[in-house]
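Undergrad: please work out how this folds:
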Amino acid sequence: MARGSRHVRRAIGIATLALAIVACGARPARAQALLERFDPAERGSRFFVADSLELDDRKPLALGLVTSYGSRLRTFKQSGADPEASDLVSQSIWLHPGASYVLAPGARAGIDMPLALQTGNDVALDRVGFGQPGSPRLGDLRASFDLRLAGAVRTDVDGATLATGASVYLPTGSGNDYASDDFARFDVRLASALRVGHVALAARVGYMYRRDNIAPVGGVSIGSETNAVVAAGYRAGPITVGPELYGSTTLDEAFQRRTTPIEALLGAHVSIGDIRVGAGLGTLLVSGLGAPKLRGVLSVEWLPSGAASDRDRDGVVDADDQCPDLAGLATGDRNALGCPAPPRDTDHDGVFDSDDACPDLPGIRTHDAMTHGCPDADRDGIPDPLDACPKIAGDRSVLPRYNGCPADADGDGVLDLQDACPDDPGVPTNDESTNGCPTPPPPPDADGDGVTDADDACPDDKGLASTDAAQNGCPRVRVAGDLFVLARPLQLASAPGKRPVTFTPESEALLGEISAFLVTTHPEVTKVRIAARALGEAQAVVERLVALGVSRRRMDAVKRDVGGIELRVVK
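TA: Here you go, the predicted structure:
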């Protein structure tokens, strides 16, 4: 830990010196603008612009060169009019040699010293002349520091990391050649990275402070700006492939097309031992100032393994690890640092929690991982999870429903101790006198209408249950001898002499059933005599049955001294 604290103090000293340079490094004269928009991530990142936050000190040092090619960096000839591209900078190659070093897990310092190779033309932008860039020219030296705020430090395991950082850009470049702002600037940022299986995500938002004495380019004012980048990658072993989207916008003219260059880049990185190479190709999405028509990126980096070896990869370096070949825990006990936790037996049953299927309940040993260490309340040697009778000592059975239960001679699932008929398979009931006994046969019901023959007034004709014993189990319409027996007498709802003749709703239903009886069930009945005290009543029944589909030739209406309306089969 002393080594880490010494590195942190050194980083604070470097940052203090850089801020002092910032305070003294500004030049009073108005300067030209830096046009190049590509600003690479710290060496060691698995992306070109986004930072995958490699803050693990297992490989603390990263040295590398990132090269960016840009074609026709965007400038504008005339403000307020339809912009046209100019070739102030027609071709540009920026070399970014740099390094980063993890001072302590979660703390990293970095440096980047760009070199610009540019070609272009003398042009007039917004009635102001601009000379072609010189080449080669140095860019602005960048010194950076990043600090983990939360999340995982190790980059070889799944997890999320949140970090903050700051960069100071020293005016080592030439503003007249569009390689510098000619004064110091600084950037503060918040970054995050996420690793889940083969997926790697990274994002960053930042604020870039720039002084306000930079000359406009093509009517576009240059000043402080916000910037952002998001990236997604697919990781397969040493390979990371995925897109990046990055851009910025000035605070004075936020999200205007001219002041908001946005680029997309598709890149890939491949690690071969301690060497990592990368390549990418991109283009502009929003043609703000400085965005190129086409961008190509190449990189090569050296990431030597750090001296802090960690053979078991448990996050505790071998120098401090008391069990360097066994992955363990970073505990506060120096004598157990990096060692696995001792096995626990929470329920004190002699079965360690790692093997105990019931770690919180004292149990018994078994050969089944699903029951090993589980309780056996009735002490019959069968663990409760497998015991069908966990509170009654019993015998083993290959049938799960009987396993651990006392004997069941007839095999009906009712234990012999509770079975009223232990030798005859039966069914369980709540009555001690019948529990486990066979179910008695149901009473006879010849016509199968649900009314037993003993209570069925019509045992041979399927009917309906009724509270009237004379009608119980009888159909609503039937023939006894030659007489139609109806559930209810037919009744007219109007006087027989009036038209139209109507029946009560219940009689209407009976007439429908009489019609079905004659037409569908008993078409062999050829003649039915319908009698009533008033001939009109009998005729009304005939007319209604005809309307319901019964042939008029099958019916005769007669006047007789009968009770109500009578229907008989004429043989």
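Undergrad: contacting residues around the nearest residue to R258 once chain neighbours are set aside?
TA: Distances taken as CB to CB, 6 or more residues apart in numbering place V220 nearest to R258, at 4.8 Å, with adjacent residues excluded. For glycine as for every other residue, the C-beta is placed from the backbone atoms N, C-alpha and C. V220 makes contact with F76, S79, E253, R258, T259, L289, according to CB atoms under 8 Å, 6 or more residues apart in numbering.
Undergrad: quickly note the distance from V220 to V49.
TA: Distance of V220 to V49, computed by CB to CB, to the nearest Å: 22 Å.
Undergrad: could you do L162 as well?
TA: 19 Å.
Undergrad: with neighbour numbers in mind, choose between those two.
TA: The neighbour comparison of L162 against V49 (other CB atoms under 10 Å) goes to V49, with 28 against 15.
Undergrad: surely L417 meets A409?
TA: No. Look at L417 against A409 with CB atoms under 8 Å: they stay out of range, at 11.1 Å.
Undergrad: farthest-separated two in the contacts of V220?
TA: The distance between the two most remote of the contacts of V220 (CB to CB) is 12.6 Å, for F76 and E253.
Undergrad: which one's more surrounded, those two?
TA: Shown here are F76 and E253; by other CB under 10 Å, F76 has more neighbours (25 against 15).
Undergrad: what's around the residue nearest to the more buried one when sequence neighbours are not counted, how many residues?
TA: Using CB to CB, 6+ apart and skipping residues adjacent in sequence, the residue nearest F76 is G218, 3.4 Å away. G218 is flanked by 22 other residues according to other CB under 10 Å.
Undergrad: quick check: G218 vs R257, distance?
TA: For G218, the distance to R257 - CB to CB - is 13 Å.
Undergrad: equivalent analysis for A446, please.
TA: 94 Å.
Undergrad: shaky segments in the stretch 101-250 of the chain?
TA: Scanning the stretch 101-250 of the chain for pLDDT under 70 picks out 153-154, 156.
Undergrad: now the one helix or strand G282 maps to: buried residues?
TA: Following DSSP states H and E, one finds G282 within strand 275-286. Neighbour counts over strand 275-286 (16 or more other CB atoms under 10 Å) mark R276, G278, G280, G282, L284, V286 as buried.
Undergrad: surely L34 meets L138?
TA: No. Using CB under 8 Å, L34 is not in contact with L138; the gap is 11.9 Å.
Undergrad: so these two - more neighbours on which side?
TA: Legend: neighbour count by other CB under 10 Å for L34 and L138, higher for L34 (26 against 15).
Undergrad: now that one. Nearest residue, chain neighbours left out?
TA: If the residues on either side of it in the chain are set aside, L34 comes closest to D181, at 5.2 Å by CB to CB, 6+ apart.
Undergrad: does the one you found touch N213 like I think?
TA: No. D181 is not in contact with N213 according to CB under 8 Å; the separation is 9.4 Å.
Undergrad: of those two, who's got more company?
TA: Comparing D181 with N213 by neighbour count (other CB under 10 Å), the higher total belongs to D181, at 23 against 16.
Undergrad: for the residue nearest the centre of the chain, which non-adjacent residue is spatially closest?
TA: The C-alpha lying nearest the average C-alpha coordinate of the chain belongs to V196 (CA atoms, centre = their mean; 13.8 Å). Distances taken as CB to CB, 6+ apart place D158 nearest to V196, at 5.3 Å, with adjacent residues excluded.
Undergrad: what about the one you found, how many neighbours?
TA: Using other CB under 10 Å, D158 has 11 neighbouring residues.
Undergrad: enumerate every residue touching it.
TA: A152, R195, V196, G197 are the contacts of D158 under CB under 8 Å, 6+ apart.
Undergrad: what of I364?
TA: Per CB under 8 Å, 6+ apart, neighbours of I364: D349, G373, C374, P375, D376, G381, P383.
Undergrad: what about 10 Å?
TA: 349-351, 358, 371-376, 379, 381-384 (CB atoms under 10 Å, 6 or more residues apart in numbering).
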